[in-house]
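Student: any chance you can model this:
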Amino acid sequence: MLTCQRGLFKIPDEIAYLNCAYMSPQLRQVEVAGRDMLALKNSPWLITTAHFFDPLKELKALFALLINIREKDRIAIVPSVSYGMATVAKNIQIAQGQRVIVAEGQFPSNYYPWERICRENGGEIVAVGVPDGPDRGARWNQAILDAIDHRTRLVALGHVHWADGTLFDLMAIRQRTREVGALLVIDGTQSVGALPFDASLIQPDALVCAGYKWLMGPYSIGLAYYGPVFDNGTPIEENWINRRDSEDFAGLVSYREDYQPFAGRYSMGEQSQFILGPMLKTALEQILDWEVAEIQAYCSALMEGAVESLAEMGCWVEAPAWRGAHLIGVRLGKHIAPDLLKAALAEQKVMVSFRGDAVRVAPHVYNTEEDVQHLLAAFRGSLR
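Tutor: Now for the predicted structure:
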């Protein structure tokens, strides 16, 4: 059983950082990896051809292991989710009357690409709304399944909703997309690394993850998986390292038409990322050592009593079957004043996010029972 890992981070004792969905704190060893690689640039004569390629292969292999796929060459290095989604948008066609299905209130990077291609090609983007009343998560998932029909070209979702943690049943959604011949594209930024994701079972057509949240890495680097439907696609930029045999620096003047295999064509320019790449690699190694299922279990045990206490104060939290334990949306009851809550959270030095009509609480393995008690104290202090 995983125990608290706070000592691996530089988090002051008085800070209750329950906000990993905003940005993860940095592991001490990730900081060291970045500093070591930053220092290497002082001596460029020590940077060899291997530095351009070997760390990339290791990073891709680690992410492939994390999402349980065999072919690391299906992984691309991306600077952001929007870049990874733009690659998908460039390589699909939307015909007149076809639809893209998204969830209401979806993160913009997984909405804007589909809105544009629908607008330009006479398609329709359908944002499936959140149902009112009981069994919210189950009914929202059913509404998404009902929206997928013969007109659907693409379904684009997260594994959990970024604002409140509602869990989407990707296995059922994948089965439905197969029945109608639609693609499934997942933004895993708010789940992969903290909630188990098995790409070999779900078999998404694409999965894109920013690195600075649950992957515990730095900003401006991420990872993407592209399935067989994209094997022969066109990248959004043409860079030298994505071409076959780019490892041969002397031969770069012999231009090649063919790309690196599978998703090798989709990685960003300057993908070697001498500083950010090793930092993300170090973070993934730690996540794999902890094990994602153990991270989720730790968060679940930590927050179980807190969720019950919040319910007693009149707050609403989605049922456990339809949310992750690492990202919990708390909707305030009528007896809690939002302005008072924000002030109380600041006084208790509790860091959370307000997204839409939910207070987003996002714990991780560095959080303690004391952190949770400070959270509850802030809620109690804001009761009218």
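
Student: for stretch 179-187, what is the average pLDDT?
Tutor: Stretch 179-187 carries an average pLDDT of 98.

Student: buried sites along that stretch?
Tutor: Using 16 or more other Cβ atoms under 10 Å as the test for burial, stretch 179-187 gives A182, L183, L184, V185, I186, D187. C-betas here are computed from N, CA, C, even on glycine.

Student: which residues in the stretch 101-250 of the chain form helices?
Tutor: Taking DSSP state H, counting those that start in this stretch to define them, one finds helices in the stretch 101-250 of the chain at 112-121, 136-147, 170-180, 199-202.

Student: and L327, which of these is closest to it?
Tutor: helix 136-147 (13.1 Å; Cβ to Cβ).

Student: give the other helices and strands that the closest one contacts.
Tutor: Here helix 136-147 touches strand 99-103, strand 124-128, helix 170-180, going by 3 or more Cβ pairs under 8 Å, 6 or more residues apart in numbering; DSSP states H and E.

Student: I'd like the average pLDDT over it.
Tutor: Average pLDDT, helix 136-147: 97.

Student: the nearest residue to L170 once chain neighbours are set aside: what's it in contact with?
Tutor: Once flanking residues are discounted, L170 sits nearest to I202: 4.9 Å by Cβ to Cβ, 6 or more residues apart in numbering. By Cβ atoms under 8 Å, 6 or more residues apart in numbering, the residues touching I202 are L170, M171, R174, L184, I186.

Student: swap in 10 Å and give it another go.
Tutor: Counting by Cβ atoms under 10 Å, 6 or more residues apart in numbering, I202 touches I67, N68, H159, L170, M171, I173, R174, L184, I186.

Student: rewinding a little: got the buried residues of stretch 179-187 as a markdown table, with distance to S24 columns?
Tutor: Listed next are the buried residues of stretch 179-187 as a markdown table, based on distance: Cβ to Cβ, whole Å:
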| residue | distance to S24 |
| --- | --- |
| A182 | 33 |
| L183 | 30 |
| L184 | 26 |
| V185 | 24 |
| I186 | 20 |
| D187 | 17 |
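
Student: per-residue pLDDT, Q96?
Tutor: For Q96, the pLDDT comes out at 97.

Student: again with the one 3 residues further on
Tutor: The confidence metric pLDDT takes the value 98 at R99.

Student: I figured it was touching A182, is that so?
Tutor: Yes. Shown here, R99 and A182 form a contact pair, counting by Cβ atoms under 10 Å, at 8.8 Å.

Student: intersection of neighbour lists for these two?
Tutor: Shared contacts of R99 and A182, defined by Cβ under 10 Å, 6+ apart, are found at I148, D149, H150, R151, T152, R153, L154, V155.

Student: check those residues against W240 and report the nearest one.
Tutor: Nearest to W240 out of those is L154 (Cβ to Cβ; 31.0 Å).
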